[in-house]
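Enquirer: Below are the sequence and a predicted model for it; my questions follow.
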Amino acid sequence: MLGDRTVNVFTDEIMLGHDPKVDLPFVPSRVEKRVRHILKDLDFKWSYPEHPGRLTAITEYLEKNPIPGVEFKSGGSATYNQLARVHTASYLDHVFSLSGQSAWLDADTTAVSPNSINAALAAAGNAIAAVESVIKGECQSAFALVRPPGHHAEPVRARGFCIFNNVAVAAAHALARLGCERVLIVDWDAHHGNGTQDIFWADPDVLFFDTHCAAPFYPGSGHLEEVGAGFGEGYTINVPLPESAGDVAFEKVYRDILVPAAEHFKPDLVLVSAGFDPHRNDLALNLTYDGFKVITRIVQDIAEQHCQGRLAFILEGGYNLTSLAKGVHAVLEVLSGGNVPEVFETGVKEAEYAAEFHRSAFSDDE
Ligand SMILES: [Zn+2]
């Protein structure tokens, strides 16, 4: 029942300060010139899609539609040392040097505004706070509503709207400081979590499981054959899916691949890189709110079975504001103890209803 379980939701208004404007005069650089050149050839006005309105859309919807058992909290900022577990010193020094400025960090769309570094530190810090709260047993599960997102950020590089790899920072913190030995990261964002994969590529302490829209969809990685290397071989699992993949396909993937993988790995903490761009509104995959509920319950059951329910979600992408807000709400309902519906292939329920409606028209029976 809703409210049977407590869910701590971590967020902070500091993260609204990350607000790159493509029209601002940016720090001159080769990358900036290249981005301007690309934008010049487009016949529509491009604005930064990963904007503060994403977070306010979610929090306003949750305020208007409260869920029993959900409590709002704020975490602090990540420290340099916490970030340095997954990013190089030269990368961190470069990012910190941009504090107070507007600049492009990477050719494929990552930019900063004057308050972005503080926002990014809060994003990683709130991800850590979410993990700490489930490890301490303050709640059954937690959700870090953060931005900028993190899963494309590599050890040495910002990519795809991501500056610090929030989920990786949280996982590394759990391993280094919170007594965890095996962390399962489930990434269901529509885009492949290339950064998280890179960071834990050779690490057998982190099982990385990623469902995403198949290449050449951005960022183009995440092929089946990418399974990790060295000691980490077998600890990366990629499931590329076609755009048409919906609720039934997702349920099958999570039950047939993730559940046995988790059974083998026996995690002591489960993290979810939760993007909401697999929702059909974002046109990359074909998931509905019911589909999000089903995969949330599967992940929740894995956490229950292997690690006393220790489960923390960290927000990644999702750009349609309606499905972003309602998607987070659907996940939180399940985390707080709500029911999970049965899922069908798109249109099958409607087809059955229509068949029933028309059945008598062609029958001689009264
Ligand atoms: Zn995404």
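Expert: Done, it's in. Numbers count the residues shown, from 1 in each chain.
Enquirer: Start and end of stretch 244-255, how far apart?
Expert: 19 Å (Cα to Cα, to the nearest Å).
Enquirer: ok, and what's touching it?
Expert: 188, 211, 239, 241, 278, 280, 285-288, 290-291, 294-295, 298-299, 343-346 (Cβ atoms under 8 Å, 6 or more residues apart in numbering). Just so you know, the C-beta spots here come from the backbone N, C-alpha and C atoms, and that holds for glycine as well.
Enquirer: can you check stretch 326-341 too?
Expert: 1-7, 9, 58, 61-62, 65, 67-70, 140-141, 143, 145, 274, 276, 279, 289-290, 292-294, 296-297, 300, 311, 313, 315, 318.
Enquirer: So which of the contacts of stretch 244-255 belong to strands?
Expert: Mapping those onto strands (DSSP state E) picks out 211, 239, 241.
Enquirer: how many other residues sit next to the residue in the stretch 151-300 of the chain that the ion sits nearest to?
Expert: Closest contact between the stretch 151-300 of the chain and the ion, by Cβ to the ion, is at residue 191 (3.6 Å). Residue 191 sits with 27 neighbouring residues when counted by other Cβ atoms under 10 Å.
Enquirer: For it, what is the enclosing helix or strand?
Expert: Counting by DSSP states H and E, no helix or strand carries residue 191.
Enquirer: is it true that it touches residue 152?
Expert: Yes. Using Cβ atoms under 8 Å, residue 191 makes contact with residue 152 at a distance of 7.0 Å.
Enquirer: Could you tell me which residues touch both of those two?
Expert: Joint contacts of residue 191 and residue 152 (Cβ under 8 Å, 6+ apart) are 160, 219.
Enquirer: re earlier: residues contacting the residue of the stretch 151-300 of the chain closest to the ion?
Expert: Per Cβ under 8 Å, 6+ apart, neighbours of residue 191: 151-152, 160, 212-213, 217-219, 275, 277, 284, 317.
Enquirer: nearest residue to the closest residue to the ion within the stretch 1-150 of the chain other than its sequence neighbours?
Expert: Ranked by Cβ to the ion, the top residue of the stretch 1-150 of the chain for proximity to the ion is residue 149, at 7.4 Å. For residue 149, ignoring the flanking residues on the chain, the nearest one in space by Cβ to Cβ, 6 or more residues apart in numbering is residue 316 at 4.5 Å.
Enquirer: looking at it, that neighbour is touching residue 190, isn't it?
Expert: No. Between residue 316 and residue 190 there is no contact under Cβ under 8 Å: 9.1 Å.
Enquirer: These two - which one has more neighbours?
Expert: Using other Cβ under 10 Å as the criterion, residue 316 and residue 190 rank with residue 316 on top: 30 against 25.
Enquirer: wait, what's in contact with that one?
Expert: Contacts of residue 316 (Cβ under 8 Å, 6+ apart): 149-151, 167, 187, 189, 193, 273-275.
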